[in-house]
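[1] How does the following fold in three dimensions:
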Amino acid sequence: MTLVFERETAALDLTDIVESAADALEEAPAEEIIRWAIATFGDRICVTSSMKDAVLVDIAAKIRPGIDVLFVDTGYHFAETIGTRDAVETVYPINVVNVTASRTVAEQERDLGPRLNGRNPDLCCYLRKVEPLNRALGPYLAWITGIRREETSHRRGARVVEWNAARGKVKVNPLARWTHEQLLTYIEDNGILVNPLQYDGYPSIGCEPCTQRVAPGEDPRSGRWAGTGKSECGINI
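    Predicted coordinates:
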């Protein structure tokens, strides 16, 4: 059955699928968007999660228990983030795929010098996040993300289903229209696991060396790469 699906999918123009689905699903609930994505791509779709919370994981696991959830382990994460990953893997019926860079942190520092994140954060993000994720996405035709339009100016144009030309894959953003209030409501109503750093002044959580606490009322992402003008790691571009 998988071989039949692969042959049929190979014959389709995925960009046509994206355009029709993006229009048809723009106002659809997140559950319906994910259900469509899983029905369309079968085993060739995965979820990506930063382990800020398990909202997306919870919705996807209810629709497809055992779905692959890719977590990019940069080697620089907070201990709380790694703990959240381990808890999510235990609580939800999913398959966590731990994605790592081709070089360990020690090897990177040996080859490129210490504190690359401070000297060249774009290169550090590429080596420890973007390239590993690109490699891990290889077997899949599509992936599901938790990005929301209100998070950054770059994400305001995100469609619920879109074609990612850089990776040649379909990107599904079922939470794109969600507000922060909707996210909090879902977490409370469904008892969702949340990274404890969110209750300690970190509304947006990245690598420990590049993430600072944010004062109440400030832009939630202002603690990421503070003072550099950088707002995205590159994974969601």
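[2] which residues of the chain fall in helices?
    2-10, 14-25, 30-41, 55-63, 79-91, 105-112, 116-119, 121-125, 131-136, 180-190 (DSSP state H).
[3] highest average neighbour count across these?
    Burial of the helices of the chain is given as mean neighbour count (mean count of other C-beta atoms under 10 Å); helix 55-63 ranks first at a mean of 21. In short, each C-beta sits where N, CA and C put it, glycine included.
[4] low-confidence ranges in this protein?
    Applying pLDDT under 70 to the chain picks out residues 1-12, 237.
[5] rewinding a little: the helices of the chain: which one's closest to residue 224?
    helix 121-125 (9.9 Å; C-beta to C-beta).
[6] Convert the C-alpha atoms of that closest one to PDB, please.
    The C-alpha atoms that make up helix 121-125 are tabulated as PDB, following Å, rounded to 0.1, in the frame of the first residue of the first chain:
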ATOM      1  CA  PRO A 121      24.700  33.400  15.200                       C
ATOM      2  CA  ASP A 122      23.400  32.800  11.700                       C
ATOM      3  CA  LEU A 123      26.100  30.200  10.900                       C
ATOM      4  CA  CYS A 124      25.600  28.600  14.300                       C
ATOM      5  CA  CYS A 125      21.900  28.300  13.700                       C
END
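[7] about what we covered before: dump the helices of the chain into TSV; add distance to residue 160 as well.
    Output for the helices of the chain, formatted as TSV (distance: least, C-beta to C-beta, whole Å):
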stretch	distance to residue 160
helix 2-10	20
helix 14-25	5
helix 30-41	5
helix 55-63	13
helix 79-91	23
helix 105-112	36
helix 116-119	32
helix 121-125	26
helix 131-136	21
helix 180-190	14
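[8] right, and the ones you listed - which one's nearest residue 171?
    helix 14-25 (8.7 Å).
[9] gap between that closest one and the chain center?
    Put simply, helix 14-25 sits 21 Å off its chain's centre (C-alpha atoms, centre = their mean, to the nearest Å).
[10] CA atoms only for that helix - export them in CSV, please.
    Taking Å, rounded to 0.1, in the frame of the first residue of the first chain, the C-alpha atoms of helix 14-25 are listed here in CSV:
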residue,chain,number,x,y,z
LEU,A,14,2.3,19.0,-5.0
THR,A,15,2.1,22.7,-5.7
ASP,A,16,-1.4,22.3,-7.1
ILE,A,17,-2.3,20.3,-3.9
VAL,A,18,-1.0,23.1,-1.8
GLU,A,19,-2.9,25.9,-3.6
SER,A,20,-6.2,24.2,-3.4
ALA,A,21,-5.7,23.0,0.2
ALA,A,22,-4.5,26.4,1.4
ASP,A,23,-7.7,28.0,0.1
ALA,A,24,-10.1,25.3,1.3
LEU,A,25,-8.6,25.0,4.8
